[in-house]
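Student: predicted model, plus sequence, below.
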Amino acid sequence: MKSSTQDNAEGTLHKIKGKVKETVGKMVGNPNLKTEGKIEKIEGKIQEKRGQIKKSLGE
């Protein structure tokens, strides 16, 4: 698998996991879990962007 494709796939996975954590944190009233989810979503978005950049550079 190309590096750019792997970054996109992993980034999407992190975004999904982050959204789940954020939602569960809201439901159970756990602000730490909610924050952890937000951070993981942002990390996922960054990783997806990294994959897009690699793809445009041909890596």
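Tutor: Sure thing, it's come through.

Student: can you list the weak-confidence ranges in the chain?
Tutor: Per-residue confidence for the chain (pLDDT under 70) gives these ranges: 1.

Student: and the helices in the protein?
Tutor: Listed in chain order, the helices of the chain (DSSP state H) span 3-28, 31-57.

Student: quick one: residues contacting the residue most central in space within the chain.
Tutor: Taking C-alpha atoms, centre = their mean as the criterion, G44 is the residue nearest the geometric centre of the chain, at 1.9 Å. Applying C-beta atoms under 8 Å, 6 or more residues apart in numbering, we find G44 in contact with E10, G11, T12, L13, H14, K15, I16, K17, G18. The way it works is simple: take the backbone N, C-alpha and C, and place the C-beta from them, glycine included.

Student: kindly report the same for G11.
Tutor: Residues counted as contacts of G11 (C-beta under 8 Å, 6+ apart) are G44, K45, I46, Q47, E48, K49, R50, G51.
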